[in-house]
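Enquirer: sequence and computational prediction follow.
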Amino acid sequence: MAQHVLNGAVQQLRLGEIRMRDPFILEPIPGEFVLFGTSDENVWGGPAKGFDCYTSHDLENWDGPVAAFRPPLGFWSDTQYWAPEVYALDGRFFMLATFATSTGSAPRGVAVLVSDHATGPYEPWSDGPVTPATRPCLDGTLHIGDDSTRWLVYSRGTERRGDEVGVSDGEMYALRLSPDLRAGVGEPILLFTASSAGWTRPLRFPPGVEPPKDLHLANEPMFTDGPFLIRSPGGTLLMLWSSQGDEGYAIGLAESESGTITGPWIHHENPLWSTNGGHGMILRASSGRDYLTFHWPNNSPDERVKLTEVEINGASVYIL
């Protein structure tokens with residue numbers, strides 16, 4: 001894999017030594033892995049530096065950091081670069097990530113970047129966010145339907161802008177994307193709200209986390225974030241997503257009753273992971289093993305990438 005080294009500073013690290021939120025692992029070639037995530041030191045406020053990535057052959061020892069994305073001159077966003085996910089499509093690599101502006105001139109949104117190499121460098125592909133410009137959005141993940149339609153699944157933020165009333169019950173949406181991933185098509189479809197799951201609780205920021213001063217939240221908000229979709233061996237469409245639970249940040253599991261992205265979505269009673277960690281995805285490695293990848297704990301600056309083997313059986317995911 002081509003690597004774009006940061007000032008010759010690439011080093012080998014154990015997975016537990018990498019500070020990162022919102023981790024995402026891609027296996028572009030069997031046995032070669034690339035780890036992406038929210039990697040700026042100050043994830044809540046600007047100025048943002050970009051996204052780094054790490055490479056590995058065994059999922060335990062990682063080489064990095066490698067500069068995956070640095071904003072070009074004139075890039076529309078300057079802060080809060082969050083949750084990059086990368087997909088190999090059409091002979092290229094597409095990154096979906098969350099961006100914001102320190103001036104508030106545009107709401108937070110999910111934009112698309114592109115590269116010819118898994119490790120980058122990534123360049124802007126969409127003209128700003130593909131999510132609606134009228135509402136703050138975050139944490140986009142890609143789902144390709146049985147009819148090859150490309151969908152963006154994302155969360156609507158709980159913050160408000162100006163005199164607008166904030167969303168008190170976070171929402172999860174699906175939005176059709178154009179075949180080239182450059183734009184959204186049509187109106188977003190509401191999939192569910194945070195309170196749809198019995199395990200969710202109002203937002204509490206963990207120790208060490210100082211939210212931006214301009215992040216005006218609704219009163220006692222419940223939130224959704226970190227969606228990730230996977231189809232079980234039996235054909236059930238499952239969604240991992242995160243919110244606040246009894247023991248802090250947590251990962252829930254939902255299943256689509258219709259087997260399609262539009263649902264309706266049925267939420268499992270208990271979180272898949274309940275204790276102060278979240279924003280998970282599942283790596284289906286070429287070895288035949290499946291791994292839940294997420295950050296734990298949620299306290300800053302203690303966040304680390306956690307990788308644990310799971311079994312997907314029927315409509316459930318089991319941590320081994």
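Expert: Arrived safely, thanks for sending. Numbering: from 1, shown residues only.
Enquirer: so, low pLDDT: which residues of this protein?
Expert: Low-confidence segments of the chain, defined by pLDDT under 70: 1-9, 158-166, 205-220.
Enquirer: and if we set it to 80?
Expert: Of all residues in the chain, those with pLDDT under 80 make up the ranges 1-10, 46, 157-167, 204-220.
Enquirer: how near is residue 262 to residue 146?
Expert: Applying CB to CB, to the nearest Å, the value for residue 262 to residue 146 is 12 Å. Glycine gets a C-beta too; all of them are placed from N, C-alpha and C.
Enquirer: repeat that for residue 85.
Expert: Applying CB to CB, one obtains 21 Å for the distance of residue 85 from residue 146.
Enquirer: looking at these two, which is more packed in?
Expert: In this comparison of residue 85 against residue 146, neighbours counted by other CB atoms under 10 Å, the higher total goes to residue 85 at 22 against 10.
Enquirer: where does the more buried one sit: helix, strand or coil?
Expert: In the three-state summary, residue 85 is assigned as strand, counting by DSSP: H, G, I helix; E, B strand; the rest coil.
Enquirer: again, but for the one 3 residues further on
Expert: Reduced to three states with three-state DSSP, the structure at residue 88 is strand.
Enquirer: so how far is residue 182 from it?
Expert: Using CB to CB, one gets 17 Å for the distance from residue 88 to residue 182.
Enquirer: now swap in residue 296 and tell me
Expert: The gap separating residue 296 from residue 182 is 35 Å, by CB to CB.
Enquirer: neighbour-wise, which of those two wins?
Expert: It is residue 296, of residue 296 and residue 182, that has more neighbours when counted by other CB under 10 Å, with 22 against 13.
Enquirer: so how far is stretch 33-41 off the chain centroid?
Expert: With CA atoms, centre = their mean, to the nearest Å as the basis, the distance from the averaged C-alpha position of stretch 33-41 to the chain average is 11 Å.
Enquirer: and if you look at stretch 235-252?
Expert: Averaged over its C-alpha atoms, stretch 235-252 has a centre that lies 13 Å from its chain's centre (CA atoms, centre = their mean).
Enquirer: quick one: end-to-end length of that stretch, please.
Expert: Across its full length, stretch 235-252 reaches 19 Å between end residues, using CA to CA, to the nearest Å.
Enquirer: what do you get for stretch 133-147?
Expert: Terminal residues of stretch 133-147 lie 27 Å apart, using CA to CA.
Enquirer: which parts of it are buried?
Expert: Under the neighbour-count criterion of 16 or more other CB atoms under 10 Å, stretch 133-147 has 135-143 buried.
Enquirer: wait, residue 133 sits on residue 108?
Expert: No - using CB atoms under 8 Å, residue 133 is not in contact with residue 108; the gap is 10.8 Å.
Enquirer: show me what contacts the spatially closest residue to residue 28 that is not a sequence neighbour?
Expert: Nearest non-adjacent residue to residue 28, counting by CB to CB, 6 or more residues apart in numbering: residue 118, 4.1 Å away. Under the criterion of CB atoms under 8 Å, 6 or more residues apart in numbering, the contact list for residue 118 reads 1, 26, 28, 34, 86, 88, 93.
Enquirer: hmm, try it at 10 Å
Expert: If a contact means CB atoms under 10 Å, 6 or more residues apart in numbering, then residue 118 has 1-3, 26-29, 32-34, 36, 53, 55, 68, 86, 88, 92-93 as its contacts.
Enquirer: what do you get for residue 115?
Expert: Going by CB under 10 Å, 6+ apart, residue 115 touches 2, 4, 68-69, 86, 92-95, 121-123, 125.
Enquirer: ramachandran coordinates for it?
Expert: Dihedral angles phi and psi of residue 115 (degrees, to the nearest 10) take the values phi -150, psi 160.
Enquirer: likewise residue 17?
Expert: phi -90, psi -10.
Enquirer: in TSV, list the buried residues of stretch 133-147 along with secondary structure and distance to residue 22.
Expert: What follows is the buried residues of stretch 133-147, written out as TSV (DSSP: H, G, I helix; E, B strand; the rest coil; distance: CB to CB, whole Å):
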residue	secondary structure	distance to residue 22
135	coil	20
136	coil	17
137	strand	15
138	strand	10
139	strand	8
140	strand	11
141	strand	11
142	strand	15
143	strand	18
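Enquirer: which one of the residues you listed is nearest to residue 18?
Expert: Minimum distance to residue 18 across the buried residues of stretch 133-147 is 20.1 Å, recorded for residue 139 (CB to CB).
Enquirer: residue 227 is in contact with that closest one, correct?
Expert: Yes - under the criterion of CB atoms under 10 Å, residue 139 makes contact with residue 227 at 6.4 Å.
Enquirer: about what we covered before: drop anything exposed from the contacts of residue 115.
Expert: The neighbour-count test (16+ other CB under 10 Å) marks 4, 68-69, 86, 93-95, 121-122, 125 as buried among those.
Enquirer: now secondary structure too, for those, in CSV please.
Expert: As requested, the buried ones among the contacts of residue 115 are exported to CSV (three-state DSSP):
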residue, secondary structure
4, coil
68, strand
69, strand
86, strand
93, strand
94, strand
95, strand
121, coil
122, coil
125, coil
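Enquirer: thanks again, I'm all set now.
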